[in-house]
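A.B. asks: Predicted structure and sequence below. I'll ask about it afterward.
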Amino acid sequence: AIVYDDAKRAENARYAGHARWLKEQGVSVPEILKDLPEQKTLVMSFVGATDLQHRVEKAGPRTVESYVPVVEMLAKFNGLDASALDLEPAFGPDLWQWEHDLFREHCLGARFGQEMPEAVAKELASVAARLEEEPKALVHRDFQSTNVLWKNDALTIIDFQGMREGPAAYDLASLLYDPYVKLTDGERKALAALYGKAANRSDIAAVLPFAAVQRLVQALGAYGRLASVGQPQFGRYVLPALENLLAAADEAGLDAIGALAEDLIAKENHRP
């Protein structure tokens with residue numbers, strides 16, 4: 001059973017309805033056994049305790065094999081028409097800027113004690129503009145390895161209550177540039193190609209590094225905020241997130257963001 005708070009996060013009250021709808025569409029999500037909105041309580045089926053992060057750790061060199069069904073499920077998810085659902089506000093200028101501000105305040109400011117360089121702010125604005133050009137799709141918003149659970153050989157997607165419309169590449173970037181799992185450049189390219197084939201998006205590789213930059217500055221801001229409010233374990237993901245940010249910025253040709261990432265990597269490596 002899960003007891004949720006819908007006062008601070010209204011999206012939590014949508015979980016049960018979203019779960020039923022997604023299951024009807026053939027997406028593997030937990031089954032809602034009992035919905036008690038008056039008590040703000042949900043009873044759901046057990047879908048396993050092993051997430052993708054830990055499954056990959058056991059898989060060793062068979063990492064790509066572990067990701068194949070996940071990428072195929074994501075392509076299916078992103079292809080759904082959810083226009084009839086009550087979703088969170090779609091990705092757009094306000095949300096892109098909110099993610100940039102999260103990075104500015106909680107990563108650059110609180111963790112590293114520095115301001116956002118003007119050149120970086122301009123490049124982030126260009127990233128947002130690039131993503132605004134993308135066709136709208138159903139986006140999970142937090143499609144990373146700990147939100148994909150396994151029970152035996154069956155996968156289940158969780159934490160989808162914040163889904164909204166936006167660029168599908170944001171979800172793919174969340175998965176392939178996830179700081180929790182280290183993927184090689186070759187593995188990312190192979191999995192992006194698999195997604196492109198499954199989703200009929202041959203152009204996905206071109207926008208993916210831009211989506212990765214956007215997602216990673218959001219993640220870095222979130223890690224900084226969480227580490228500052230009593231969850232220091234998130235601090236250990238700052239360095240891999242910065243390394244992924246550098247890789248994505250280099251691939252996207254974003255020189256100022258790449259230079260900033262290099263500078264922050266050096267500072268993080270020398271953190272006491």
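C.D. replies: Perfect, thanks for sending it.
A.B. asks: Nearest residue to residue 192 in space, ignoring adjacent ones along the chain?
C.D. replies: residue 205 (5.1 Å; CB to CB, 6 or more residues apart in numbering). Every C-beta, even on glycine, is put in place using the N, C-alpha and C of the backbone.
A.B. asks: And the one you found, how far from residue 74?
C.D. replies: 15 Å (CB to CB, to the nearest Å).
A.B. asks: Quick one: neighbours of the closest residue to residue 119 other than its chain neighbours, just the number.
C.D. replies: Distances taken as CB to CB, 6+ apart put residue 256 closest to residue 119, at 3.7 Å, once the chain neighbours are dropped. Residue 256: 16 surrounding residues under other CB atoms under 10 Å.
A.B. asks: name the helices or strands packed onto the helix or strand encompassing the residue nearest to residue 192?
C.D. replies: Using DSSP states H and E, residue 205 maps to helix 204-228. For helix 204-228, the packing partners by 3 or more CB pairs under 8 Å, 6 or more residues apart in numbering; DSSP states H and E come out as helix 93-102, helix 118-132, helix 168-176, helix 185-199, helix 238-252.
A.B. asks: what comes up buried for the first one?
C.D. replies: By neighbour count on 16 or more other CB atoms under 10 Å, the buried set for helix 93-102 is 95-96, 99-100, 102.
A.B. asks: again with the fourth one
C.D. replies: Applying a neighbour-count criterion of 16+ other CB under 10 Å, the buried positions in helix 185-199 are 188, 190-192, 194-196, 198-199.
A.B. asks: Check stretch 11-18 too.
C.D. replies: 11-16, 18.
A.B. asks: And the contacts of it?
C.D. replies: Residues from elsewhere that reach stretch 11-18, judged by CB atoms under 8 Å, 6 or more residues apart in numbering: 4-6, 32, 35, 37, 40, 42, 85-86, 88, 160-163.
A.B. asks: Tell me the one of those residues nearest residue 145?
C.D. replies: Among the contacts of stretch 11-18, residue 160 lies closest to residue 145 (CB to CB), at 14.8 Å.
A.B. asks: Touching, residue 247 and residue 185? I think so.
C.D. replies: Yes. Residue 247 is in contact with residue 185 according to CB atoms under 8 Å; the separation is 7.1 Å.
A.B. asks: Just the CA trace of stretch 11-28, in PDB.
C.D. replies: Taking C-alpha atoms only, stretch 11-28 is exported to PDB below (Å, rounded to 0.1, in the frame of the first residue of the first chain):
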ATOM      1  CA  GLU A  11      -0.100  14.600  -9.800                       C
ATOM      2  CA  ASN A  12      -0.100  11.900  -7.100                       C
ATOM      3  CA  ALA A  13      -3.900  11.800  -7.200                       C
ATOM      4  CA  ARG A  14      -3.700  10.900 -10.900                       C
ATOM      5  CA  TYR A  15      -1.600   7.800 -10.400                       C
ATOM      6  CA  ALA A  16      -4.400   5.300 -10.300                       C
ATOM      7  CA  GLY A  17      -6.200   6.600 -13.300                       C
ATOM      8  CA  HIS A  18      -3.000   6.800 -15.300                       C
ATOM      9  CA  ALA A  19      -2.100   3.300 -14.300                       C
ATOM     10  CA  ARG A  20      -5.400   1.900 -15.500                       C
ATOM     11  CA  TRP A  21      -5.200   3.700 -18.700                       C
ATOM     12  CA  LEU A  22      -1.700   2.700 -19.500                       C
ATOM     13  CA  LYS A  23      -2.500  -0.900 -18.700                       C
ATOM     14  CA  GLU A  24      -5.400  -0.700 -21.200                       C
ATOM     15  CA  GLN A  25      -2.900   0.500 -23.800                       C
ATOM     16  CA  GLY A  26      -0.600  -2.500 -23.200                       C
ATOM     17  CA  VAL A  27       2.100  -0.700 -21.200                       C
ATOM     18  CA  SER A  28       3.400  -2.800 -18.300                       C
END
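A.B. asks: how distant is that stretch from the center of its chain?
C.D. replies: Offset of stretch 11-28 from its chain centre (CA atoms, centre = their mean, to the nearest Å): 18 Å.
A.B. asks: Next, residue 22: phi, psi?
C.D. replies: Taking degrees, to the nearest 10, you get phi -60, psi -40 for the backbone angles of residue 22.
A.B. asks: Contact partners for it?
C.D. replies: 29, 77, 80, 157, 160.
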